[in-house]
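[1] Turn this into a model:
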Amino acid sequence: MRSTSKKDEERDGQIALVASLLPALQQALGPGTELALHDLRRLDRSLVARAGGLTRRKPGAPITGLVLERLQAGRTDDLFRYPARTDDGKELCSSTIFLRDGTGGAFACLCLNTDVSLWSELARALPAMLPEGADVSGRSEEEFVPHVADLAASAVSRAIADVGVPVELMRKEHRAQVVKNLHASGFFLVQSSVGHVAEALGVSRFSVYNYLRELGVTAATTGARREAGHAPRLEGRGPRQRPSASTRAAGRAGVTPKGGAHRAR
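    Numbering: from 1, shown residues only. All right, here's what the predicted structure looks like:
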């Protein structure tokens with residue numbers, strides 16, 4: 001349950017204020033622009049308000065991969081005019097502006113997406129008309145997904161592709177590299193991320209936690225801290241092993257398994 005502290009109440013008020021301005025801002029910017037407001041305190045369902053329908057998302061959609069990467073790197077400086085693409089092929093020019101509280105901490109972000117498909121098409125046609133063409137690679141840094149399962153599928157498939165080995169042929173070091181890539185991308189900040197990774201790699205959730213522990217990652221720095229009842233401790237030693245039958249019998253006899261005196265309690 002979200003804390004109802006005074007700081008959270010102030011943040012909720014700021015988010016509500018910005019959300020109320022989105023329809024008017026979208027009208028001012030025109031039909032080719034979408035505005036999306038995200039609450040960074042709930043990354044798996046961060047979209048709280050939207051005006052315009054370029055990306056076809058609805059409130060409750062997850063945060064985007066690009067913002068996740070920035071959060072994982074501890075970078076919340078505003079981003080302006082970077083390339084993005086919708087799932088139906090629209091090319092966008094996007095900007096992300098972070099909302100901050102009185103201490104400077106980023107708790108939400110406002111994303112502006114403008115459809116530039118026509119201009120991109122014209123730009124790609126220019127090389128045929130001009131002696132020297134421009135970069136028309138069309139590469140995109142961002143993508144938009146309606147559900148957290150789509151975010152997981154996209155992030156995990158990219159991480160697997162980067163390793164370059166099919167899942168069915170992967171050894172431990174390959175699976176560990178996939179987990180390392182996903183950690184670097186910020187994917188483990190999302191709730192239930194460990195389960196998605198375990199399913200994709202065909203391993204148990206505890207195997208994924210072990211890979212994270214080998215990277216020096218603790219539960220406090222992943223979405224696992226919100227998966228109550230499922231996340232094992234990632235720091236320090238694991239749970240104490242149950243004594244063997246011989247050890248328990250020796251204890252009842254008042255001696256250690258090696259014959260020493262049993263310590264009084």
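
[2] only C-alpha atoms for contact and neighbour calcs from this point on.
    OK.

[3] Please parse this structure into its domains.
    16-125+137-143, 148-226 (automatic domain parsing).

[4] Which of these has the lowest mean pLDDT?
    Mean pLDDT values for the domains of the chain show the minimum at domain 148-226, a mean of 85.

[5] Buried residues, stretch 93-103. List them.
    For stretch 93-103, the neighbour count (16 or more other C-alpha atoms under 10 Å) marks 93-99 as buried.

[6] actually stretch 48-65, not the one I typed
    Buried residues in stretch 48-65, counted by 16+ other C-alpha under 10 Å: 48-52, 54-55, 57-65.

[7] want to try a markdown table for the buried residues of stretch 93-103, with secondary structure and distance to A125 as columns?
    Putting the buried residues of stretch 93-103 into a markdown table (DSSP: H, G, I helix; E, B strand; the rest coil; distance: C-alpha to C-alpha, whole Å) gives the following:
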| residue | secondary structure | distance to A125 |
| --- | --- | --- |
| C93 | strand | 19 |
| S94 | strand | 22 |
| S95 | strand | 26 |
| T96 | strand | 29 |
| I97 | strand | 32 |
| F98 | strand | 36 |
| L99 | strand | 39 |
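
[8] for the helix or strand hosting E9, packing partners?
    Under the criterion of DSSP states H and E, E9 resides in helix 6-29. When contacts are defined as 3 or more C-alpha pairs under 8 Å, 6 or more residues apart in numbering; DSSP states H and E, helix 6-29 packs onto strand 33-39, strand 47-51.

[9] picking up where we left off before, let me have the buried residues of stretch 93-103 in a markdown table, extended by distance to Q14.
    Below are those laid out as a markdown table (distance: C-alpha to C-alpha, whole Å):
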| residue | distance to Q14 |
| --- | --- |
| C93 | 26 |
| S94 | 22 |
| S95 | 20 |
| T96 | 17 |
| I97 | 14 |
| F98 | 12 |
| L99 | 8 |
